[in-house]
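Chemist: Compute the structure for the input listed below.
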Amino acid sequence: MGKIFTLLVLVGVPLSVIGSLMHWPSIMLFVIYCITIIALASFMGRATESLAIVAGPRIGGLLNATFGNAVELIISIFALQAGLIELVLASLTGSVLGNLLLVGGLSFFVGGLKFKRQTFNVFDARHNSGLLIFGVVVAFVIPEVFTTSMDADKTMNLSVGISVILILLYLAALFFKLVTHRGVYQPLEGGAVHHEEEPEWGRGKALIILLLATIAVAYVSENLVHTFEAVAESFGWSELFIGVIIVAIVGNAAEHASAIIMAYKNKMDIAVEIAVGSTLQIAMFVAPLLVLISLFFPVSMPLVFTWPELAAMITAVFLTVSISNDGDTNWFEGLTLLAAYVIMGIGFYLL
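Modeler: Residues are numbered from 1 along each chain as shown. Prediction:
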């Protein structure tokens with residue numbers, strides 16, 4: 001698989017540059033850009049995994065989620081610059097749904113096919129559950145409820161205030177997990193035996209690959225944004241569907257692959273940390289950061305989602321919380337999450 005992704009990068013990046021300079025048809029460029037970003041994301045995932053092998057599951061999952069979300073953050077910034085506010089909000093919705101239902105579901109399902117029962121740190125699961133409910137249900141619903149009787153300026157002020165609080169709480173959560181309470185909440189049972197692993201790349205090589213892949217993703221993402229309008233017209237897709245499904249899957253390709261691989265290796269702590277940790281980072285850091293960044297563009301983005309987006313995210317959060325709170329999973333629970341994702345995908349396609 002690594003050789004295939006290497007070939008896709010070696011072919012895709014030059015084609016992306018040539019195609020954008022020669023103004024190839026938008027549909028062709030859209031496909032090339034998406035495949036190239038997914039291939040680059042795989043390199044980012046492998047680099048972060050190499051860096052994380054010596055750092056433990058929490059930091060490993062955080063690294064993977066951060067650089068996986070970097071792709072989507074880059075795409076979203078260029079979309080904000082182009083004034084595509086609805087598409088950015090839709091892609092944030094898609095990230096929450098994709099990480100919880102698609103990535104989490106595939107991880108539980110694939111791992112459950114190999115192992116009848118898989119366990120992970122129940123204390124982390126319960127801690128993340130509270131943050132999920134706050135970050136998605138409280139912080140996203142409040143603006144929608146209160147802004148019904150507000151003008152645009154007050155709506156933006158409320159969004160900025162909530163965004164600052166979300167970022168501060170997210171940083172406090174990292175400080176709690178990685179500094180003040182690191183190692184305090186350990187699983188009650190011994191769990192799986194962990195074998196020493198050799199990183200695929202050394203620290204220096206992994207950092208260089210990570211930097212180069214991020215730069216390449218930034219270039220390709222900027223060009224990808226310019227194809228959305230033509231693709232939407234050609235396929236009859238709404239901006240909402242492109243954001244919720246297409247941009248979210250392409251933007252989160254790195255952690256999608258990593259979480260599933262970790263689950264197959266029975267490293268469920270890392271798999272869950274990637275899926276849930278990435279969702280928390282989207283809701284409590286990336287989304288509010290984009291709100292603050294949008295203040296520097298002609299059109300600002302309030303933290304106000306549509307009711308279908310809110311309903312889908314709230315459902316995904318409570319379904320994930322109910323399944324993961326016992327620190328135990330199997331393939332059927334994974335299939336349940338995947339079924340919920342498909343149902344929501346059909347709904348957004350038909351909107």
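
Chemist: hey, let's count contacts and neighbours off CA atoms from now on
Modeler: OK.

Chemist: gap between residue 109 and residue 59?
Modeler: Per Cα to Cα, to the nearest Å, residue 109 is found 24 Å from residue 59.

Chemist: Which residue of these two possesses the greater neighbour count?
Modeler: residue 109 (25 against 19; other Cα atoms under 10 Å).

Chemist: Could you list the buried residues of the helix or strand hosting the more buried one?
Modeler: According to DSSP states H and E, residue 109 maps onto helix 104-114. By neighbour count with 16 or more other Cα atoms under 10 Å, helix 104-114 contains the buried residues 104, 105, 106, 107, 108, 109, 110, 111, 112.

Chemist: got it, and stretch 225-242?
Modeler: Neighbour-count burial for stretch 225-242 [16+ other Cα under 10 Å]: 225, 226, 227, 228, 231, 232, 237, 238, 239, 240, 241, 242.

Chemist: what do you get for stretch 245-264?
Modeler: 245, 247-264.

Chemist: again, but for stretch 338-347
Modeler: Applying 16+ other Cα under 10 Å to stretch 338-347 flags 338, 340, 341, 344, 345 as buried.

Chemist: Show me which residues of stretch 160-169 are buried.
Modeler: 160, 162, 163, 164, 166, 167, 169.

Chemist: quick one: the fifth one and residue 273, what's the gap?
Modeler: Using Cα to Cα, we find residue 166 at a distance of 19 Å from residue 273.

Chemist: Now find how far off-centre whatever helix or strand residue 62 lives in is within its chain.
Modeler: Residue 62 belongs to helix 57-81 when assigned by DSSP H and E. Chain-centre distance of helix 57-81: 7 Å, with Cα atoms, centre = their mean, to the nearest Å.

Chemist: Same question for stretch 93-102.
Modeler: What separates the centre of stretch 93-102 from the centre of its chain is 7 Å, taken as Cα atoms, centre = their mean.

Chemist: hang on, the earlier thing: what's next to the helix or strand following the helix holding residue 109, contact-wise?
Modeler: Counting by DSSP H and E, the next helix or strand C-terminal to helix 104-114 is strand 118-119. For strand 118-119, the external contacting residues (Cα atoms under 8 Å, 6 or more residues apart in numbering) are 111, 112, 191, 266, 268, 269, 327, 328, 329, 330.

Chemist: The residue lying closest to the fourth one once chain neighbours are set aside: what's it in contact with?
Modeler: Think residue 266. Among residues not flanking residue 266 along the chain, residue 111 sits closest, at 6.6 Å (Cα to Cα, 6 or more residues apart in numbering). By Cα under 8 Å, 6+ apart, residue 111 lies in contact with 118, 260, 263, 264, 265, 266, 330, 331.

Chemist: Check residue 199 too.
Modeler: 49, 50, 51, 53.

Chemist: for those residues, which one is nearest residue 132?
Modeler: residue 49 (24.5 Å; Cα to Cα).
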